[in-house]
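Chemist: can't give you the sequence, but here's the structure:
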């Protein structure tokens, strides 16, 4: 812990826009690692901000974004993906000229293309989280040993990219650098497709048989409990890649179906073994 | 624990054929609840039986099924589904005339139709387990508060049905009584379809993007780590119902795809909300 804290740059003032699970966890991690003197939580609902403050996620709160970022050296936007570019623009209009800006959105292409502050904004996506939401679900080690994808572009200031990567590393994360489009193509497969499939699977299960579900169904459908509105935004922001991932999935599923329909046990076992091999490659 | 032990009938001799995760857990539960004096583990591989014995799952072991069931009052068959009917027949040929027989197979229709001892055999399916296997993964509370489906038929001796239900209850389980076909139709939706989907999802994920998977992918694909051969048998034994469940799933998935493709955010949000409602109905 001390080693990590030593590694990280200290900030006088960090602004977090949107203090839910991700924003709240960033605040908690910064405080626990003593990386920031002032952490300003910015949001629309006083009620939610007060909760985040009471939980120790932030040191100050405001519903006024312009005021909240006035002295920020770093601003992290943790709002739903459809709002991120707008919030980056608002921050850029009011923060000090050397303030770095990043986000935590689950999609990157549309956001990175839309932000105005192209030199100082570096897109990020911490691959951490859960089906839970709100500052109540925040925890200081959410990013510990997790991957954060950082998506610089040709417009990005290399010093800003480096500083944003150091920021996430100081919270315990490992950095993977990709282009926004590479990110969206990969996450369509590793996150957006699984969510769509889990949601469809939950919906396919009639309520009458829910008492006959076991740990397998529970695991396989767990992410379907995620916030529907947040996920609507993610799917629409990554429409093309998600549709492509769905096509890939449909092709594989059709191979399973054909093997089952023809009663080809050898083929079915081979497909199951390949799925197992892929899953086991990751570990539990 | 004492209350449960008081509830359960005590057995002088219980034979468990196949001492893996399920068989081993039955043995551990019987011992911890002091419900059986003698628990005979029966299997093909001495190595595996010795491990089960060392772990305390059984009190005695043998590779000779005929000898192992000679004095059994209860025999529980926990072998892969394609072997169960055969093992029931072997047990029936060698056990005392009043010995009760049940199984723990994930499918019921084919098994129940094939067994010879139709009065004394009552099919069961404990909806418990994990992607792990072997006696090392066994635990005494695996059935605690879990559902066990019991599938009597017109041939079943009512006293045998009642005794088998009491047996599972004495291990902490809740009983749901269904016909074998009702069971197979329901489990196709709650277990076999999720497994097929998880396996296809794992296979759809190129290894190059595995480092970008998070908790969501891990949960959604977890069951794909299950034993490929065991699952091949389950799918083939429940072919018709699983294909029907796959059709249901494909229909729902097509609704998601159409909403995404047309960019209909309202419809997409409604579908996601319905998936969430179904998932939340169960709890975590």
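Modeler: Received, thanks. Worth saying up front: this structure is predicted, and the values here are computed from it rather than measured.
Chemist: Chain B contacts on the stretch 1-150 of chain A?
Modeler: Where proximity means C-beta under 8 Å from any C-beta of the partner chain, the interface of the stretch 1-150 of chain A facing chain B comprises A:127, A:128, A:129, A:130, A:131, A:146, A:147, A:149. Every residue, glycine included, has its C-beta placed from N, CA and C.
Chemist: Inside helices: which ones of those?
Modeler: Among these, none falls in helices (DSSP state H).
Chemist: What is the nearest of the residues you listed to residue B:80?
Modeler: Residue B:80 has its nearest neighbour among those in residue A:131, at 33.6 Å by C-beta to C-beta.
Chemist: Which residues does the helix or strand harbouring residue A:66 contact?
Modeler: According to DSSP states H and E, residue A:66 maps onto helix A:65-68. Applying C-beta atoms under 8 Å, 6 or more residues apart in numbering or on different chains, the contact partners of helix A:65-68 are A:15, A:17, A:40, A:42, A:62, A:87, A:90, A:91, A:93, A:94.
Chemist: Neighbour count added to the residues you listed, as a markdown table?
Modeler: As requested, these are arranged in a markdown table below (neighbours: other C-beta atoms under 10 Å in any protein chain shown):
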| residue | neighbour count |
| --- | --- |
| A:15 | 30 |
| A:17 | 28 |
| A:40 | 26 |
| A:42 | 30 |
| A:62 | 18 |
| A:87 | 22 |
| A:90 | 19 |
| A:91 | 26 |
| A:93 | 12 |
| A:94 | 17 |
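Chemist: The residue nearest to residue A:179 when sequence neighbours are not counted and chain B: what is the separation?
Modeler: Leaving aside its sequence neighbours, residue A:179 sits nearest to residue A:151 (C-beta to C-beta, 6 or more residues apart in numbering or on different chains; 6.3 Å). Between residue A:151 and chain B the computed distance is 12 Å (C-beta to the nearest C-beta, to the nearest Å).
Chemist: which residues sit in contact with residue A:151?
Modeler: A:108, A:112, A:122, A:123, A:124, A:125, A:177, A:178, A:179, A:180, A:183.
Chemist: returning to that earlier point: among the contacts of helix A:65-68, which are in strands?
Modeler: Using DSSP state E to define strands, the subset of those located there is A:15, A:17, A:40, A:42, A:62.
Chemist: does residue A:282 count as helix, strand or coil?
Modeler: For residue A:282, the reduced secondary structure class is coil; criterion used: DSSP: H, G, I helix; E, B strand; the rest coil.
Chemist: show me where the stretch 1-150 of chain A has helices.
Modeler: Along the stretch 1-150 of chain A, counting by DSSP state H, counting those that start in this stretch, helices occupy A:2-7, A:21-32, A:46-54, A:65-68, A:81-94, A:109-114.
Chemist: Give me the mean pLDDT for the shortest one.
Modeler: Mean pLDDT, helix A:65-68: 98.
Chemist: One more: the third one?
Modeler: When pLDDT is averaged over helix A:46-54, the result is 96.
Chemist: What lies in contact with that helix?
Modeler: For helix A:46-54, the external contacting residues (C-beta under 8 Å, 6+ apart) are A:19-20, A:23-24, A:27, A:41-43, A:58-63, A:134-136, A:138.
Chemist: can I assume residue A:207 is in contact with residue B:278?
Modeler: Yes: at 7.0 Å, residue A:207 and residue B:278 qualify as touching, with contact defined as C-beta atoms under 8 Å.
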